[in-house]
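Trainee: could you look at this predicted model? Sequence included:
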Amino acid sequence: MARHQDGEGTDLAPLPDPTGLTPAARAEVVQDALARAEELRCAGRYEEGIALLMDALRYGEAKAQVLFRLGNLYFASGDLTRAEHAYLRATEEDPHHASAHHNLGVVYRRQGKISQSVKMLKKAQHLDVRYPRAGEVSPPEKAILRRWARPAIAVPLVLLVLLILAMWLAGRS
């Protein structure tokens, strides 16, 4: 397993062996690795992020997302060939991954492969419309939605019951 350097020169702990972990634990390790790799990309420490994500691929969890982020790291480091390969693999893992198709189109444009670029960008646009990404809802937003859900359902039901009752009373007269 690769060891990754943080900014202070100390080693980060290697990723644990995936064979002894539950699927939920593997997924959590991969999500943590994705978050850490994004931090490394933003800090310009591409090689460390690449090593971390290559290690995360062994877990077999969220492979399309790991490959997509790997492509982002390769692209940021200027390695367009490896970025192309990572984005292609991400689209093979998840054919509906619009962002991977888009970034692949950008790589093709940088490589001068204009027709392939246009094809991928159009496909990304189509996928984005056809398969929109599910929005993440934060815990405070969930609390607000739950607070308003009951009244949003109860008020129309009460109005319906009152309407039926009024119609019934009008029919009895």
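Mentor: Perfect, thanks for sending it. Residues are numbered from 1 along each chain as shown.

Trainee: got the contact list for Ala124?
Mentor: Listed by C-beta atoms under 8 Å, 6 or more residues apart in numbering, the contact partners of Ala124 are Ala98, Ser99, His101, His102, Gly105. For glycine as for every other residue, the C-beta is placed from the backbone atoms N, C-alpha and C.

Trainee: one more time with 7 Å, if that's ok
Mentor: Ala98, His101, His102, Gly105 (C-beta atoms under 7 Å, 6 or more residues apart in numbering).

Trainee: so which strand or helix has it?
Mentor: helix 114-130 (DSSP states H and E).

Trainee: again with Ala149
Mentor: Per DSSP H and E, Ala149 falls inside helix 139-172.

Trainee: what about that helix, average pLDDT?
Mentor: Confidence over helix 139-172 (mean pLDDT, whole number) is 87.

Trainee: what residues sit buried inside that helix?
Mentor: Using 16 or more other C-beta atoms under 10 Å as the burial criterion, none of the residues of helix 139-172 qualify.

Trainee: and the helix holding Ala124, what's buried?
Mentor: Residues of helix 114-130 classed as buried: Gln116, Ser117, Met120, Leu121, Lys123, Ala124, Leu127 (neighbour count, 16+ other C-beta under 10 Å).

Trainee: and for the first one, nearest residue in space, chain neighbours not counted?
Mentor: Pointing back at Gln116 there. Tyr108 (4.4 Å; C-beta to C-beta, 6 or more residues apart in numbering).

Trainee: what comes into contact with the one helix or strand the one you found maps to?
Mentor: Under the criterion of DSSP H and E, Tyr108 resides in helix 98-110. Helix 98-110 is contacted from outside by 64, 68, 71, 75, 80, 83-84, 87-88, 90-91, 116-117, 120-121, 123-124, 127-128, 131, using C-beta under 7 Å, 6+ apart.

Trainee: what distance do you get for the residue nearest to Gln116 to His85?
Mentor: For Tyr108, the distance to His85 equals 13 Å [C-beta to C-beta, to the nearest Å].

Trainee: which one of these two is surrounded by more residues?
Mentor: More neighbours surround Tyr108 than the other of Tyr108 and His85, with 21 against 17 (other C-beta atoms under 10 Å).

Trainee: all set, thanks.
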